[in-house]
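K.L.:
Okay, predicted coordinates and the sequence, questions at the end:
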Amino acid sequence: MRRTESNGKGNEMDYRMSIDEAVESRHAVRSYTEEPISAEERAALEKAVAAANADGALHLRLAYDDPEVFSSTLARRAGFANANNYLVVAGHESNNLDMRAGYFAEKVVLEAQRLGLNSCWVAGTAKRRAVRQTLAKKDKLVAIVALGHGATQGEPHRSRTIAQVSRPVNNVPEWFARGVRYALLAPTALNQQTFWVQMLRKTNAAGLPLVALSTNGGPCARVDLGIVKLHFELGAGLENFAWADPVVH
């Protein structure tokens, strides 16, 4: 939830967490309160969606007050409750759609967290057929993200170690270590964390170190790779490195 802080003049003002705080505090939340997403929150989310669509050539869309999509038996068994608002992650099918969708939709997810909302990426527990029927003719449904005011703030997920997902491990620049730490905070399907980050012994034309990102596959691997890519960038800072081409095995 939003909280207030003093502005030093005896007045209280709304506090919105930083992007770093959002990365640290975001956890999957499946149970929500009945508090609606406010007009102010909707406006901020719609702005984030518009930016993601423009930058990522996607067709993300927000849906509010729709309890049907998360009303399946499978969703209830997975712990979803009062999940009445969600982000539809979709776009024209292409070779890199899933990775683009993961990258730019996660920007919206982190903006929701900054607003004091909670979220959960969903692959198979929602009624995907009902959502597909609302898409444009050439669009592919990539994922659905539940949004709302969480009944809890969620719990940190079980995580692999830095050594299990990256090389080198020792004597690395601070920015690389921070990038890997942020990558480990990224949501991945089934919490599989099958990604691999490696700082290469190469630089680009501008002299920046090259970093390679890859995955060994698994459910939603390409979507996960896009999400992890964004998290690494937020931790490492794009001014410190350049990407080599991502690889999906």
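P.N.:
Ah, there it is.
K.L.:
Identify the residue nearest the geometric centre of this structure.
P.N.:
Nearest residue to the geometric centre of the chain (C-alpha atoms, centre = their mean): residue 106, 2.7 Å.
K.L.:
Look up the closest residue to that residue, ignoring the ones flanking it.
P.N.:
residue 227 (4.6 Å; C-beta to C-beta, 6 or more residues apart in numbering). Every residue, glycine included, has its C-beta placed from N, CA and C.
K.L.:
The one you found reaches residue 187, doesn't it?
P.N.:
Yes. Counting by C-beta atoms under 8 Å, residue 227 does reach residue 187; the two are 6.2 Å apart.
K.L.:
Pick out whichever of the two has more residues nearby.
P.N.:
Using other C-beta atoms under 10 Å, the more surrounded residue of residue 227 and residue 187 is residue 227, with 27 against 22.
K.L.:
would you say residue 213 is within a strand?
P.N.:
Yes. Looking at residue 213 with DSSP: H, G, I helix; E, B strand; the rest coil, it is inside a strand.
K.L.:
burial of it, as a residue count?
P.N.:
22.
K.L.:
give me every residue that touches residue 186.
P.N.:
106, 224, 227, 228, 230, 231 (C-beta atoms under 8 Å, 6 or more residues apart in numbering).
K.L.:
please redo it, this time with the cut-off set to 7 Å
P.N.:
For residue 186, the contacting residues are 227, 228, 231, by C-beta atoms under 7 Å, 6 or more residues apart in numbering.
K.L.:
buried residues in the helix or strand hosting residue 90?
P.N.:
Using DSSP states H and E, residue 90 sits in strand 85-92. Buried positions in strand 85-92, judged by neighbour count with 16 or more other C-beta atoms under 10 Å: 85, 86, 87, 88, 89, 90, 91.
K.L.:
Going along the chain, name the strands of this structure.
P.N.:
3-6, 12-15, 61-63, 85-92, 118-122, 139-148, 166-167, 195-203, 209-215, 242-243, 247-248 (DSSP state E).
K.L.:
So which of these is the most surrounded?
P.N.:
Ranked by mean neighbour count, those are led by strand 118-122 with a mean of 25 (mean count of other C-beta atoms under 10 Å).
K.L.:
neighbouring contacts of that one?
P.N.:
Contact with strand 118-122 is made by 28-30, 109, 112-113, 143-150, 153-154, 187, as judged by C-beta under 7 Å, 6+ apart.
K.L.:
at 6 Å instead, please
P.N.:
Outside of strand 118-122, the residues within contact range by C-beta atoms under 6 Å, 6 or more residues apart in numbering are 28, 29, 30, 109, 112, 143, 144, 145, 146, 147, 150, 187.
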